[in-house]
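J.: Build me a model:
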Amino acid sequence: MNFQLPNHPIAQSQNPMTTSISATNIVPKKIRVIGVPLDLGQSRRGVDMGPSAVRVAGLEARLEALGHEVEDGGNIAVAIPEQKKEGDPHAKYLKEIAATCTKHAELVLKTLEAGKIPLALGGDHSMAAGTVSGVAEFYRRQNQRIGLIWIDAHTDINTPESSPSGNVHGMPLAAIMGVGPAELSNIFDFSPKVKPENCVLVGVRDIDAVEKENVRRAGIGVFTMRDIDERGMRTVMEEALRMAGRGTAGYHISLDMDWIDPEDAPGVGTPVRGGATYREAHLAMEIIADHGRMLSFEIVEVNPVIDEHNRTADLAVELALSAFGKKIL
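T.: Numbering: from 1, shown residues only. Model prediction:
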């Protein structure tokens, strides 16, 4: 039998399993890494070393291997608890955290003005008030608004009045939505930074009793771990991205590593059993990359003090690679 192959079997194959291969080319991006070694927002020490741990895991070189142009913008200067007084027990170190977030927001704004994508490394999650403020301000000046995907075991929408601990890393989303401490809510003198209909929580599973009411009042979208269990990661992420992207320039991705189950990410600020699996986490990032509307990205709460051979930081880098376009094939 004379069997003749097509000139280009991959390009011309009608097999749906192969037609996507030609669509995996990564569009090179200019990325600026910003370290925010902030640990004033929580009681457990160590997340201030998170940016270094992620860098040691090869973030810059591995992103460049994908074809991206990466610049390390260094670290934001942050006070340490030994130098400062705690202040209000309902919002500990709020003054210092607000100062850090303001400096961070200004650098994020300058990064976007330079045509680069901010990739922020934490530090505790209170830094997100600065990241989102900078991104929102850049697009506000263009008469556009942004969406927000908050991927976390926690909702982080406590206020000084509702917080059982007074730790500010449980308040950044409240600040972003305009109901948190004014020092964080009013960076760049506008609030809220994101409209409720464009803010989506993904994978939450550990919420304070009073905080549940804060979530309901805020009117934001919420997908709990039960939603992921019942409906699957693809359905949840597609809906979340659609909500965050509706009427916006795109969205910021805020990834708290405690969203992932401690079996895969043991070195995090506040570990909670029952999180996303290794593959679910990668799938979520891959879907974000497929949509192509990510404006900025941050990874928070990596704590190398309680990690195992830096594997949580290594996973953080792997997830960043997936969010910036890396695929299996």
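
J.: drop to CA atoms for contacts and neighbour counts, all remaining ones
T.: Noted.

J.: Next up, the contacts around the closest residue to residue 199 other than its chain neighbours.
T.: In this structure, residue 199 finds its nearest non-sequential neighbour in residue 148, 4.8 Å apart by Cα to Cα, 6 or more residues apart in numbering. Contact partners of residue 148, counting by Cα atoms under 8 Å, 6 or more residues apart in numbering, are 194, 198-200, 244, 251-254.

J.: Over to residue 148: give its phi and psi.
T.: Main-chain torsions, residue 148, degrees, to the nearest 10: phi -140, psi 130.

J.: Tell me what it is bridged to.
T.: residue 199, residue 252 (DSSP bridges).

J.: How much space separates it from residue 226?
T.: 21 Å (Cα to Cα, to the nearest Å).

J.: Could I get the full set of helices for the stretch 101-250 of the chain?
T.: Counting by DSSP state H, counting those that start in this stretch, the stretch 101-250 of the chain has helices at residues 128-140, 172-176, 182-185, 209-218, 225-231, 233-245.

J.: Low-confidence stretches in this structure?
T.: Counting by pLDDT under 70, the chain shows low-confidence ranges at 1-24.

J.: so which strand or helix has the most centrally placed residue in it?
T.: With distances taken as Cα atoms, centre = their mean, the residue of the chain nearest its centroid is residue 254 (1.8 Å). Counting by DSSP states H and E, the element that carries residue 254 is strand 251-256.

J.: okay, the angle between that strand and helix 233-245?
T.: 130 degrees (axes from the mean of the first three to the mean of the last three Cα atoms, to 10 degrees).

J.: From the contact counts, what lies against the helix or strand following strand 251-256?
T.: Counting by DSSP H and E, the next helix or strand C-terminal to strand 251-256 is helix 278-291. Helix 278-291 makes packing contacts with helix 233-245, helix 311-323 when contacts are defined by 3 or more Cα pairs under 8 Å, 6 or more residues apart in numbering; DSSP states H and E.

J.: Give the buried residues for helix 278-291.
T.: For helix 278-291, a neighbour-count test (16 or more other Cα atoms under 10 Å) marks 280-290 as buried.

J.: and the angle from that helix to helix 311-323?
T.: Using the same axes, to 10 degrees: helix 278-291 against helix 311-323 is 30 degrees.

J.: Tell me the gap between helix 278-291 and the middle of its chain.
T.: Helix 278-291 has its C-alpha centroid displaced from the chain centroid by 13 Å (Cα atoms, centre = their mean, to the nearest Å).

J.: On the C-terminal side of it, identify the next helix or strand.
T.: strand 294-300.

J.: mind checking how far that following strand is from the chain centre?
T.: That offset, for strand 294-300, works out to 5 Å (Cα atoms, centre = their mean).
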